[in-house]
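[1] Any chance you can model this:
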Amino acid sequence: MTTRQQAAATVIVSALVIAGAHLIGATVAHADDVKPSVPPGTEPSASAPVAIDSNSPGLKIPQGGTLAPVKVLDIAEVVEDLGGEQRRQETNQTVMMALQSEVLFPEDSAVFNAQAAARIQAIANEINQSKATRIRVFGFTDDQGSYEHGKELSKQRADAVQGELAKTVTDPNVVFDVRGYSEDYPIADNGTEEGRKKNRRVEITFPRGVG
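    Predicted structure coming up:
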C-alpha cells in the first residue's frame, strides 16, 4: 500500500472514531425523549462526519499504521430539578440555564413575580464568576395561541430577564444577545401540558469559566 493510501485509511478510521464520540455526546444532550432543536447561533462547532461505507476495504489499517488522536465533540451534561422548573446544561465551552416561564412570570405576562429576581440574580453571580462578556438571553413559548403573539411575548420575557441580569452583572463591556423565538425550537412534546410547560422558558447562555 502506498503512503497516500495509508494516510487515507487513517483519516477514514479517525472519522469513525469521531463519529462514535459524537453519538455518545448526543445521547446525554437532553433530558427528554423528544430531541431538542437548536436555535440559530447555538449549533455545535463541529460538522457532522461524512457517510462511510463500513464494508470498504480501505478501512483496514495498514501494518504499522496508527489511529489519529481521539477528539470528543460537544458532550453535554444536563441537570434538571425535580419539578423541571430549572434546567442546567453544560458543555466544555458554555453553560445554559433554562428557567420555565411559570417560575418567573404570571400566565401570558412579561412582568416578574416575587421570586423571579432572586433566581436571575443567582445566575448573574455565576456569570460574574465566569467573567463572561457575551450572554445570550432567548425566550420561547409553547404552540398555543398565534405565532406572532408568542414571538412578542417571548421577546418581552427575554428583555425582562436581560434587564434583571444587567443589574447584577458587573462587567461594563458585557454584550447581550436577546431574542424571542415563539414556539420555535421546542425541547419537549407540545402535545402534552408537561411538554408545553418545559417549552415555555427563557434560556440564559454564557461561556464557561476556566478552572
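
[2] Strands along the chain, start to end?
    For the chain, the strands defined by DSSP state E cover 77-80, 86-90, 94-100, 134-140, 175-180, 201-207.

[3] Pairing partners for the shortest one, with directions?
    When you say that, I think you mean strand 77-80. According to DSSP bridges, strand 77-80 has the following sheet partners: strand 86-90 (antiparallel).

[4] could you give the angle of the partner strand to strand 94-100?
    Here the directions of strand 86-90 and strand 94-100 differ by 170 degrees (axes from the mean of the first three to the mean of the last three CA atoms, to 10 degrees).

[5] Give me the distance from strand 86-90 to the chain's centre.
    Strand 86-90 has its average C-alpha position 9 Å from the chain's average C-alpha position, going by CA atoms, centre = their mean, to the nearest Å.

[6] Stretch 135-146 now?
    Counting by CA atoms, centre = their mean, stretch 135-146 comes out at 15 Å from the chain centroid.

[7] ok, how many other residues are close to residue 165?
    For residue 165, the tally of surrounding residues (other CB atoms under 10 Å) stands at 21. Every residue, glycine included, has its C-beta placed from N, CA and C.

[8] And the pLDDT for it?
    As predicted, residue 165 sits at a pLDDT of 97.

[9] quick one, what contacts it?
    By CB atoms under 8 Å, 6 or more residues apart in numbering, residue 165 lies in contact with 120, 123-124, 127, 135, 137, 176, 204.

[10] what does residue 132 give?
    171, 174, 206-207, 209.

[11] Quick check: the gap between the closest residue to residue 186 other than its chain neighbours and residue 83.
    Leaving out its chain neighbours, the residue that sits closest to residue 186 by CB to CB, 6 or more residues apart in numbering is residue 199, at 4.6 Å. Distance from residue 199 to residue 83, counting by CB to CB, to the nearest Å: 15 Å.

[12] Neighbour count: the two, which is higher?
    The neighbour count for residue 199 versus residue 83, taken as other CB under 10 Å, is higher for residue 199 (23 against 10).

[13] pretty sure residue 179 is touching residue 139, no?
    Yes: shown here, residue 179 and residue 139 form a contact pair, counting by CB atoms under 8 Å, at 7.2 Å.

[14] Are there residues contacting both of those two? Which ones?
    Common neighbours of residue 179 and residue 139 (CB under 8 Å, 6+ apart) are 155, 158.

[15] what's the burial count for the closest residue to residue 188 other than its chain neighbours?
    Residue nearest to residue 188 in three dimensions, not counting chain neighbours: residue 195, with 3.6 Å by CB to CB, 6+ apart. Residue 195 is flanked by 18 other residues according to other CB under 10 Å.
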